[in-house]
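K.L.:
Prediction below, plus the sequence it came from.
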Amino acid sequence: MTIRPDMCNGFGIVHGGIIFSLADSALAFASNGHGRHALSIQSDISIHQSGQIGDVIYCDCEEIHRSHKIGKYRCRVFTDTADIAAFSGMVYFKSETWE
């Protein structure tokens, strides 16, 4: 995702909510890939460095644990040169499946 001016605060740095939203979306893609509806029930983020207008930020997300009902994921938000944030999330797997 490329950081645009409308994603930044008055100091010209990206809003934390933008970084959180990117990581939350990565969590949704990772956790819903098992064929069952997954709903986020807990998440947290630690922002290590600010992003600037024009930066391209990425997010990867890995599954740490999955049981029948609960999944735990760890995501990393980064640029080509720096780690931006660490995000963790837990999801609840519903019984409904994707069609």
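P.N.:
Here it is on my side, so go on.
K.L.:
So what touches the lengthiest strand in the chain?
P.N.:
Across the chain, the longest stretch assigned as strand under DSSP state E is strand 83-97. Here strand 83-97 makes contact (CB atoms under 8 Å, 6 or more residues apart in numbering) with 19-20, 23-24, 26-27, 31, 34-51, 57, 59, 61, 66, 68-78. C-beta here means a position set from N, CA and C on the backbone, and glycine is covered the same way.
K.L.:
Can you flag which of the residues you listed belong to strands?
P.N.:
Among these, DSSP E puts 36-47, 59, 61, 66, 70-78 in strands.
K.L.:
Buried subset of those, written for PyMOL?
P.N.:
Of those, the buried ones can be selected in PyMOL as follows, counting by 16 or more other CB atoms under 10 Å:
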select buried, resi 36+38+43+45+59+61+71+72+73+74+75+76+77+78
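K.L.:
Quick one, grab the pLDDT at the residue most central in space within the chain.
P.N.:
Taking CA atoms, centre = their mean, the centroid of the chain lies closest to residue 23, which sits 1.1 Å from it. Residue 23 carries a pLDDT value of 98.
K.L.:
who's in contact with it?
P.N.:
43, 45, 59, 61, 75, 77, 85, 87, 89.
K.L.:
Straight-line length of stretch 47-57, end to end?
P.N.:
Across stretch 47-57, the terminal residues are separated by 13 Å (CA to CA, to the nearest Å).
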